[in-house]
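> output the structure for:
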Amino acid sequence: MGSKFADGRLWRPGGAAWPAPYAAPGSHIPFFFLQVVSTVFLGGTAALTPLEARGQALVLPGAQPPTPAGVKQEILREARPPAAARPQAARPATAPTTRAAVAHTVIGAPLFQGGNSGRLVIERVDDTSFAARLRVEGTQISDPGHACAVELGMSEPVALTYLGAPLGMPRYQLAAPICPVAFDVLEGAVLVANHEASCTFSAADCQGRIGGLWGPQAQALIAQAKDIERRRSREERNLRDKFRSLLKRLSGNELREAAAEQAGFSSEREMLCRDYAGEVSHGFCAERVTAARVVAVDARLAVTPEKKKAARP
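Residues are numbered from 1 along each chain as shown. Predicted structure coming up:
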């Protein structure tokens, strides 16, 4: 068979395994293909106090380590057409390198976890680097009945580290050890694959959910409901066509695993999107997750060669 993703699995919004880019080298974190680092490393010695819901948030500085050696920062804008390549000998298919022409739709636009909680704003630093301001809302660890909030990058945005595009979509990680959230960039939204992922700010006595889709608030989407539904129908047809093409290239365990993942896609999409504000009215989360699945299957197609035809006797 041809090359494939780190764990050989397709993208799906939930399931048994996720690819390695969200995990530390050599580790394996169970969930579906968009692995999320949700374990929090607390740094610094500043004294922090819990905050109740009063419209204020605790501001924590976000550490900004340099980009790992050998990794370039991805540009969140439409890529320029590549220069004409010289003729080369045939070689195995490799994963497509994409700069996501639609990714500019998330720059400067406030995004909300589940469409109603927290706040994430991605900013352009220069032509090749980006940063973010993140507000995480949750409840006190010592008293879950009281709300709290923690803000990262309010005085100065926290750098985003580019992690490549293992599933066809640009992946970034917030360079803040206290909450190293990683996400894939979609059109008008970002996806933290593990919808149950959270950040724990022990010194602030606060824990907040960061998993799931971060996108616009419901009131901004309801008027687009018909267009969203049309896009989703078109994407689902596209997904079926691409997946059939992929199945023709697989065999054995790979075929069975891929078929099982696809069979569970709808229920896992429902689990991921059920808490998105106003989802029943606009369907934005389901449409974006479906579009992400299409991109991932297309990326898998690019690294899976067609079966060789058996020679006639």
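> any chance you could map the helices in the stretch 101-250 of the chain?
Assigned by DSSP state H, counting those that start in this stretch, the helices in the stretch 101-250 of the chain fall at 225-247.
> surely I210 touches C199?
Yes - A contact is recorded between I210 and C199 when judged using C-beta atoms under 8 Å, the distance being 5.4 Å. Where C-beta positions appear, they are placed from N, C-alpha and C, glycine not excepted.
> more neighbours, these two?
With neighbours defined as other C-beta atoms under 10 Å, I210 and C199 compare such that I210 has more, 28 against 24.
> what is the burial count for Q262?
18.
> please report the distance of the closest residue to W214 other than its chain neighbours from V280.
For W214, the nearest residue in space outside its immediate sequence neighbours is L111; the separation is 4.1 Å by C-beta to C-beta, 6 or more residues apart in numbering. Between L111 and V280 the distance, using C-beta to C-beta, to the nearest Å, works out to 20 Å.
> who has more neighbours, these two?
L111 (22 against 9).
> how about that one, what does it touch?
Listed by C-beta atoms under 8 Å, 6 or more residues apart in numbering, the contact partners of L111 are R119, L120, V121, I122, A189, V190, W214, G215, P216.
> let's see which of the residues you listed end up in strands.
Helix and strand membership here follows DSSP state E; of the contacts of L111, those in strands are R119, L120, V121, I122, A189, V190, W214, G215.
> buried ones among the residues you listed?
Listed as buried from those are R119, L120, V121, I122, A189, V190, W214, G215; burial here means 16 or more other C-beta atoms under 10 Å.
> can you pull out the strands in the stretch 201-313 of the chain?
Taking DSSP state E, counting those that start in this stretch as the test, the strands found in the stretch 201-313 of the chain are 206-209, 212-215.
> in a markdown table: these, plus distance to R133.
Formatted as a markdown table, the strands of the stretch 201-313 of the chain follow (distance: least, C-beta to C-beta, whole Å):
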| stretch | distance to R133 |
| --- | --- |
| strand 206-209 | 15 |
| strand 212-215 | 13 |
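> tell me which of those strands lies nearest to S245.
In this view, these are compared for proximity to S245 by C-beta to C-beta, and strand 212-215 is the closest at 27.0 Å.
> packing partners for the closest one?
Taking 3 or more C-beta pairs under 8 Å, 6 or more residues apart in numbering; DSSP states H and E as the contact definition, the neighbouring helices and strands of strand 212-215 are strand 111-113, strand 189-192, helix 265-273, helix 284-302.
> okay if I get these as JSON lines plus distance to P144 and mean pLDDT?
Below are those laid out as JSON lines (distance: least, C-beta to C-beta, whole Å; pLDDT from 0 to 100):
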{"stretch": "strand 111-113", "distance to P144": "18", "mean pLDDT": "97"}
{"stretch": "strand 189-192", "distance to P144": "22", "mean pLDDT": "96"}
{"stretch": "helix 265-273", "distance to P144": "23", "mean pLDDT": "93"}
{"stretch": "helix 284-302", "distance to P144": "26", "mean pLDDT": "95"}
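> export those to CSV and append columns for distance to D227.
As requested, the helices and strands packed on strand 212-215 are exported to CSV (distance: least, C-beta to C-beta, whole Å):
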stretch, distance to D227
strand 111-113, 19
strand 189-192, 15
helix 265-273, 18
helix 284-302, 9
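> show me the one of these that comes nearest M169.
Taking C-beta to C-beta, helix 284-302 is the member of the helices and strands packed on strand 212-215 nearest to M169, at 5.6 Å.
> the inter-axis angle of the closest one versus helix 265-273?
Taking axes from the mean of the first three to the mean of the last three C-alpha atoms, to 10 degrees, helix 284-302 and helix 265-273 form an angle of 130 degrees between their directions.
> buried residues in helix 284-302?
By 16+ other C-beta under 10 Å, the buried positions in helix 284-302 come out as 284-302.
> same check, this time on stretch 205-225
Along stretch 205-225, these residues count as buried under the neighbour rule (16+ other C-beta under 10 Å): 205-216, 218, 221.
> again, but for stretch 266-275
Taking 16+ other C-beta under 10 Å as the basis for neighbour counts, the residues of stretch 266-275 that come out buried are E268, R269, L272, C273, D275.
> could you do stretch 128-139 as well?
Result for stretch 128-139 [16+ other C-beta under 10 Å]: buried residues S129, F130, A131, A132, R133, L134, R135, V136, E137, G138, T139.
> just send the residues you listed back as a markdown table, with pLDDT and distance to F243 too.
What follows is the buried residues of stretch 128-139, written out as a markdown table (pLDDT from 0 to 100; distance: C-beta to C-beta, whole Å):
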| residue | pLDDT | distance to F243 |
| --- | --- | --- |
| S129 | 86 | 36 |
| F130 | 90 | 32 |
| A131 | 93 | 37 |
| A132 | 95 | 33 |
| R133 | 96 | 38 |
| L134 | 97 | 35 |
| R135 | 97 | 38 |
| V136 | 97 | 36 |
| E137 | 97 | 37 |
| G138 | 97 | 37 |
| T139 | 97 | 40 |
